[in-house]
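# Return a 3D structure for these sequence lines:
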Amino acid sequence: MCSIHEKIDLGFTSEKYPQGTHMCYIYNDDNERKDVISKFIDSGLRNHEKVAYFAHTMEKEEVLDFMKEGGVSLKREFSDKLIVAK
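Here you go, the predicted model:
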C-alpha cells in the first residue's frame, strides 16, 4: 500500500517536508535556537496543529516570553493547541 504524505511548512525554511518528517537542527547560538523554535511553533499553531515544547532549563514564562518576542501569536484561540512543559 502506497501512502502519500502532505508536505508541510516547518516555519524556519522555505522548503516543505512530508508530514511526520523527523528533523535534527544544530544551533549556532541561543538567539538562533529561539528564532528557529519560535518560527517552528508559530507555523504549527497557524496550521491548527497541537504543539508541545519541552524546556530543560527554562521556566514556562521564559519560553512564552521568547516566543512572543519571536512573533509567535499566542492568541486565546491557540491556548488548547500549545503545551509548554519543563
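
# Okay, now the unreliable bits of the protein?
1-4 (pLDDT under 70).

# ok, 80 please
Filtered on pLDDT under 80, the chain yields the residue ranges 1-5, 75-79, 86.

# quick one: the helices in it?
Using DSSP state H, the helices of the chain run over 30-46, 60-69.

# I'd like to check the angle between the longest one and helix 60-69, please.
Same thing as helix 30-46. Helix 30-46 and helix 60-69 are oriented at 80 degrees to each other (axes from the mean of the first three to the mean of the last three CA atoms, to 10 degrees).

# centre of the chain versus helix 30-46, how much separation?
5 Å (CA atoms, centre = their mean, to the nearest Å).

# Pull out the buried residues from that helix.
34-45 (16 or more other CB atoms under 10 Å). C-betas here are computed from N, CA, C, even on glycine.

# of all the helices of the chain, which lies closest to Leu82?
Each of the helices of the chain has some distance to Leu82 by CB to CB; the shortest is helix 30-46, at 6.4 Å.

# For that closest one, name the packing helices and strands.
In terms of contacts (3 or more CB pairs under 8 Å, 6 or more residues apart in numbering; DSSP states H and E), helix 30-46 is packed against strand 51-54, helix 60-69.

# List the buried residues of the first one.
I take that to be strand 51-54. Within strand 51-54, judged by 16+ other CB under 10 Å, the buried ones are 51, 53.

# can I get the CA coordinates of that strand in PDB?
Output in PDB follows, covering the C-alpha atoms of strand 51-54 (Å, rounded to 0.1, in the frame of the first residue of the first chain):
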ATOM      1  CA  VAL A  51       2.400  21.800  19.500                       C
ATOM      2  CA  ALA A  52       4.500  20.800  22.500                       C
ATOM      3  CA  TYR A  53       7.700  22.400  23.700                       C
ATOM      4  CA  PHE A  54       9.700  20.700  26.400                       C
END
